[in-house]
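Colleague: would you be able to build a 3D model of this:
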Amino acid sequence: MTREDIIQAIYHILKNKIELPTISSFHEEARLNEDLYMDSVMILELILFIELDLGIKMPDEALSPNDFKTVGHLAAFLERQHVQGVVVETHD
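Modeller: I've put the predicted structure just below:
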């Protein structure tokens with residue numbers, strides 16, 4: 001899964017599942033709180049949909065507020081989690 005795939009998946013979840021009213025402001029540098037006006041409940045919903053739809057595990061201990069500053073920060077975090085998940089799966 002590429003970074004672009006991840007960003008498109010985030011967009012799809014926000015638009016179609018969470019039905020984010022501010023989706024027109026979505027871009028890689030958009031801040032989740034300030035630009036997209038996502039509150040903590042919406043971010044939890046986003047995490048849930050990412051885990052369910054993309055199969056990327058987001059363990060509580062791996063989560064950091066910095067990873068949720070912008071769409072790009074979140075995409076980078078998910079990319080790291082995806083790579084770590086693939087590495088773990090190939091060693092089983």
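Colleague: neighbours of the closest residue to Lys69 other than its chain neighbours, just the number please.
Modeller: Nearest-residue entry for Lys69: Arg31, 6.1 Å, with adjacent residues in sequence omitted and distances by CB to CB, 6 or more residues apart in numbering. Every residue, glycine included, has its C-beta placed from N, CA and C. Under the neighbour criterion other CB atoms under 10 Å, Arg31 is assigned a count of 16.
Colleague: over to Glu61?
Modeller: Glu61 has 5 nearby residues by other CB under 10 Å.
Colleague: tell me the confidence at it?
Modeller: For Glu61, the model assigns a pLDDT of 87.
Colleague: against Gly72, how distant is it?
Modeller: Using CB to CB, to the nearest Å, one gets 23 Å for the distance from Glu61 to Gly72.
Colleague: ok, now Leu48?
Modeller: 21 Å.
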